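Asks: Output the structure for:
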Amino acid sequence: MRSASRRPVAHRWERLADLTEAEIAQSDPELPALASRWDERRRSLPSALLREFNDRLIREWSIETGIIERIYVFDRKVTRALIEKGIKAELIPKEASELSPQQVTGIIRDHEAAVEWLLSSVKDGRRLSTAFVKELHALMTRGQPHYEAFDQFGRRVKAKLNHGTYKTLPNNPIEPDGSLHEYCPPEQVSVEMDRLVSMHLSHEGVPPDVEAAWLHHRFAQIHPFQDGNGRVSRALASLALIRAGLFPLLVTDAERDAYLATLNAADQGNLSELTSFIAQAQKRLLAAALNL
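Replies: Down below sits the predicted model:
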């Protein structure tokens, strides 16, 4: 990455902070009742209808999580076609990415496989661990050989992406105003990831929207991998929601600016906006599911 020695710092790295009682109290009070209604409703749905709903949701999540990171860019028409017809290279415009349509298809299918793996892990009762996170990253990024970095002269270069391996170089992004956003230094990543997992496993009875927001933001603060951290953070938030009988965290391109604003607020110590964003996203999915 570009040297930070002469740059102003917009956000400084600090060690992870655990949940507070005030943050736990910011859970959406309507979510448990809606989740309960859905749990009852889905028992009476035909299995084919339920499977179709879940498959479409997984495809949409898999597509949108890459758009949020600008790995590729689709308009809504292309996204809808991929959701309706399946992940096919012939549906992807060549101008959507520097990658070929076939490569984009492979990356989206990797995202899809990662969500399926999360669902299977929850079903099998697998607990979160650092090995779990590394496996998730390797699965989500296995079709991505490179990531964009900067050399010592500040030039953009393609660097090899190591799958499921913690970063060895700083990955602090440069803000539009030229200032630096600090993430966890590489030498502290292992310790902070251990702390993240330990804190998460100690959170008994925490509402799922709060836990999803906390896990998402704190993981993003560490940014433990050279690339793919945004996608993994949304997958980990999804894990917390799926465990509670809810849906993966779906963030669409239309919501990107609002979503990033909630992450910025969380960086300033206000987790409630991200919690609310996640709760509202779940409520929209629950409403759609209840109308099946």
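
Asks: Doesn't Ala149 belong to a strand?
Replies: Yes. With DSSP: H, G, I helix; E, B strand; the rest coil as the criterion, Ala149 is assigned to a strand.

Asks: pLDDT value on it, please?
Replies: Predicted confidence (pLDDT) at Ala149: the value is 74.

Asks: Return the set of residues that bridge with it.
Replies: Assessed by DSSP bridges, Ala149 has beta-bridge partners Val157.

Asks: Next up, the contacts around it.
Replies: With contact taken as C-beta atoms under 8 Å, 6 or more residues apart in numbering, Ala149 is in contact with 1, 156-159, 169, 226. To be clear about C-beta, it is placed using only N, CA and C from the backbone, and glycine gets the same treatment.

Asks: Just list the residues touching the closest residue to Asp18 other than its chain neighbours, thanks.
Replies: Nearest residue to Asp18, sequence neighbours excluded (C-beta to C-beta, 6 or more residues apart in numbering): Met199, at 5.1 Å. With contacts defined as C-beta under 8 Å, 6+ apart, the neighbours of Met199 are 16, 18-19, 218.

Asks: what mean pLDDT does stretch 157-173 have?
Replies: Across stretch 157-173, the average pLDDT comes to 91.

Asks: Also stretch 66-77?
Replies: 96.

Asks: could I get that stretch in PDB with only the CA atoms?
Replies: Coordinates of each C-alpha in stretch 66-77 appear next as PDB, following Å, rounded to 0.1, in the frame of the first residue of the first chain:
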ATOM      1  CA  GLY A  66     -19.700  -8.400  -5.500                       C
ATOM      2  CA  ILE A  67     -21.400  -5.300  -6.900                       C
ATOM      3  CA  ILE A  68     -21.100  -3.500  -3.600                       C
ATOM      4  CA  GLU A  69     -17.300  -4.100  -3.800                       C
ATOM      5  CA  ARG A  70     -17.200  -3.000  -7.500                       C
ATOM      6  CA  ILE A  71     -15.700  -6.200  -8.600                       C
ATOM      7  CA  TYR A  72     -18.200  -5.900 -11.400                       C
ATOM      8  CA  VAL A  73     -21.000  -3.400 -12.100                       C
ATOM      9  CA  PHE A  74     -24.500  -4.400 -13.400                       C
ATOM     10  CA  ASP A  75     -27.600  -2.400 -13.900                       C
ATOM     11  CA  ARG A  76     -30.800  -3.700 -12.300                       C
ATOM     12  CA  LYS A  77     -31.900  -5.300 -15.600                       C
END
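
Asks: from the chain's centre, how far out does it sit?
Replies: Distance, stretch centre to chain centre, for stretch 66-77: 14 Å (C-alpha atoms, centre = their mean, to the nearest Å).

Asks: Same check on stretch 60-67?
Replies: Worked out by C-alpha atoms, centre = their mean, stretch 60-67 lies 10 Å from the chain centre.

Asks: repeat for stretch 105-125
Replies: Chain-centre distance of stretch 105-125: 13 Å, with C-alpha atoms, centre = their mean.

Asks: try stretch 119-129
Replies: 17 Å.

Asks: how far does it stretch from start to finish?
Replies: One end of stretch 119-129 sits 16 Å from the other (C-alpha to C-alpha, to the nearest Å).

Asks: what's next to that stretch, contact-wise?
Replies: With C-beta under 8 Å, 6+ apart as the criterion, stretch 119-129 contacts 132, 197, 200-201, 236, 239, 242-243.

Asks: what's the farthest-apart pair in those?
Replies: Maximum pairwise distance in those, criterion C-beta to C-beta, is 17.3 Å, between Val197 and Ile242.

Asks: ok so, going back, quick one: which of the contacts of stretch 119-129 has the most company?
Replies: Among these, Leu239 has the most neighbours (other C-beta atoms under 10 Å), with 26 neighbours.

Asks: and that one, what does it touch?
Replies: For Leu239, the contact set (C-beta under 8 Å, 6+ apart) comprises 118, 121-122, 128, 215.

Asks: So which of the residues you listed is the closest to Leu285?
Replies: Proximity of those to Leu285 (C-beta to C-beta) peaks at Leu118, which lies at 15.7 Å.

Asks: Please produce JSON lines containing the contacts of Leu239, extended by secondary structure and pLDDT.
Replies: Formatted as JSON lines, those follow (DSSP: H, G, I helix; E, B strand; the rest coil; pLDDT from 0 to 100):
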{"residue": "Leu118", "secondary structure": "helix", "pLDDT": "97"}
{"residue": "Ser121", "secondary structure": "helix", "pLDDT": "97"}
{"residue": "Val122", "secondary structure": "helix", "pLDDT": "97"}
{"residue": "Leu128", "secondary structure": "coil", "pLDDT": "98"}
{"residue": "Leu215", "secondary structure": "helix", "pLDDT": "98"}
